[in-house]
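kindly return the folded structure for what I paste below:
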Amino acid sequence: MTRSSILVAEDDPAITNALRRALTHEGYAVRSAADGAEALEALAAEAADLVILDVAMPYVDGLEVCRRLRRAGNRTPILMLTARHTVGDRVEGLDAGADDYLVKPFSLNELFARIRALLRRTSVTGEEPPGGRATLRVADLELDQAGRSVNRGGREISLTKTEFDLLELLVHNAGIVLSRDLIYERVWGYDFETDSKSLDVYVGYLRRKLELDGGDRLLHTVRGVGYVVREP
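Numbering: from 1, shown residues only. Coordinates of the predicted model:
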């Protein structure tokens, strides 16, 4: 079986060596980069299945690496490592395009759990739709998973990385009510504070963009449970 490849971008040699040993022991193929510029060069030369990025690196920091990768259309899962622990810091990393956020110091078991979660599919069942990632449709909404584009009724809708990920999860599971905890786990990372208002804020963003021209509501609140996308 092919081993999943991980690029570790971390400027502390002790942490890099510890992560390399631990991840190799878990069966991953591991490469490393000592700064953000080196990480970008490494990914340009050879793709990875997952990237572990330290936020505070010289030359090009982890947030900027993340932004550049996403602007270039690189959708490789990214796990950010940082000593910063406030919700605002996490939101900054996630809005830069990261898929998850782990605060130092952390346990290896937690790290391994995060990696396994990121390497899984985004659907509830853990399976790809028939024929692989393609265009998902609900009513007059079309979501191109490969191109990461969305249009409704022929109108192109510009979404941020987090908005797209949230909408993709909901549309992929159209008709299924997804709990708040599950959405936080799949979109923000499983230990994100689920009593925060981030999910409600992003649902509001999506509704305004999806219903800009007075279209019927597709994204519904199920009080006490979570959210669901369904046809009008």
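
so where's this protein uncertain?
Filtered on pLDDT under 70, the chain yields the residue ranges 1-2, 84-90, 120-134, 189-196.

tell me the secondary structure at the closest residue to Leu167 other than its chain neighbours.
Counting by Cβ to Cβ, 6 or more residues apart in numbering, Leu206 is the residue found nearest to Leu167 once chain neighbours are left out, at 5.8 Å. The C-beta positions use only the backbone N, C-alpha and C, and glycine is treated the same way. Here Leu206 is helix, with the state taken from DSSP: H, G, I helix; E, B strand; the rest coil.

and for Gly214?
Taken by three-state DSSP, the conformation at Gly214 corresponds to coil.

with the one 3 residues further on instead?
Recorded secondary structure, Arg217: coil (three-state DSSP).

so what's the residue count around the closest residue to it other than its chain neighbours?
Nearest non-adjacent residue to Arg217, counting by Cβ to Cβ, 6+ apart: Glu211, 6.4 Å away. Counted with other Cβ atoms under 10 Å, the neighbours of Glu211 add up to 14.

then Arg71?
Per other Cβ under 10 Å, the neighbour tally for Arg71 reads 10.

pretty sure Ala83 contacts Val103?
Yes. The pair Ala83 / Val103 is scored as a contact, 7.1 Å apart, by Cβ atoms under 8 Å.

the more surrounded of those two?
Ranked by neighbour count (other Cβ under 10 Å), Ala83 and Val103 place Val103 first, with 16 against 11.

quick one, phi/psi of that one?
Backbone dihedrals for Val103, given as degrees, to the nearest 10, come out at phi -90, psi 130.

what are the bridge partners for it, then?
On the basis of DSSP bridges, Val103 is bridged to Thr82.

does Thr135 touch Gln145 like I think?
Yes. Assessed by Cβ under 8 Å, Thr135 is found in contact with Gln145 at 7.2 Å.

quick one, which of these two is more surrounded?
Remark: of Thr135 and Gln145, Gln145 carries more neighbours, 19 against 12, as counted by other Cβ under 10 Å.
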